[in-house]
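Participant: Turn this into a model:
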Amino acid sequence: MTTTTKNKNTSLVFTRDISPRPANWLLQPLVLQGGLHLWYGDTRGSHAGIDLAFALTNGLRFHDLDVAKANVVYVTANDVADRVEHWKNTYDAHDTPWIVDLQITNEEQMQELTEFVKANNVELVMFDHLATRSNDVNLNSPADIDAKINPPLLKLIEDTAVILLHQTQQGAQTHKLRPLMDAADMTVGVSRRSVDRGSDIVTLSFMKSFRSQMAQALTYGNDTLSRRA
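Facilitator: Alright, predicted model coming up:
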């Protein structure tokens, strides 16, 4: 629909007239190609994140989902050597994601990362965890997120999917995450509960977002994936 206002042509598009784009998946139904994802939870979020990074790097199953092999960059300041050895020994996995340490707010480092992503056909970049990878950013402030977090990440997702792992205290209220959730195409809550004989169940609770047309094509509502750890 086109209207004329003050001698200026303005095109108005109504949401009812928009045909959703098909969703392109890196890992259905958790990771969109070129999507910005927020995974939040306690320290189990980091465990789930590195598990996904290794599953994709080696083409192994993740939470009973078939996984196609992909190039992954894992951004962290944490010492993940023990977790790496656990993965290699448990799953007989030999390939390791690229592991780097950088700041989202460092323009030079993010430019180097963007160039590396393009040169090496990287399909996923994972930041673990967000608070330590974004110094001097108030993660409760939409203005701070829009000014300091979104611009470099929106540039990065032109070429790859991005997952932000955000640690929260157990039982934290999700409304406090609203600025981050609003910025993401998809949000995943990671939780872990003990069951019989010391075994655990890891649950990924995921929800669609309507921030972008990319996410409008998701046909499921809120749902969960669980597995015994």
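Participant: List the contacts of Pro179.
Facilitator: Leu139, Asn140, Ser141, Pro142, Ile145 (CB atoms under 8 Å, 6 or more residues apart in numbering). C-beta here means a position set from N, CA and C on the backbone, and glycine is covered the same way.
Participant: What is the neighbour count of the closest residue to Val31 other than its chain neighbours?
Facilitator: Distances taken as CB to CB, 6 or more residues apart in numbering place Ala161 nearest to Val31, at 5.5 Å, with adjacent residues excluded. Ala161 is flanked by 27 other residues according to other CB atoms under 10 Å.
Participant: Now do the helices in this protein.
Facilitator: Here the chain has its helices, by DSSP state H, at 44-58, 81-91, 107-119, 142-144, 150-156, 178-183, 213-216.
Participant: The residue nearest to Val31 against Trp25, yeah?
Facilitator: No - applying CB atoms under 8 Å as the test, Ala161 and Trp25 come out as separate, 9.5 Å apart.
Participant: so what's in contact with these two at the same time?
Facilitator: If you check Ala161 and Trp25 against CB under 8 Å, 6+ apart, the residues they both contact are Val31, Leu32, Gln33.
Participant: Among these, which one sits closest to Gly59?
Facilitator: Among the shared contacts of Ala161 and Trp25, Val31 lies closest to Gly59 (CB to CB), at 14.4 Å.
Participant: still on that earlier bit, out of the helices of the chain, which is the most enclosed?
Facilitator: Of all the helices of the chain, helix 44-58 carries the top mean neighbour count, a mean of 23, counting by mean count of other CB atoms under 10 Å.
Participant: and it, what other elements does it pack with?
Facilitator: Judged by 3 or more CB pairs under 8 Å, 6 or more residues apart in numbering; DSSP states H and E, helix 44-58 is in contact with strand 25-27, strand 36-41, strand 72-76, helix 81-91, strand 124-128, strand 161-167, strand 186-194, strand 200-208.
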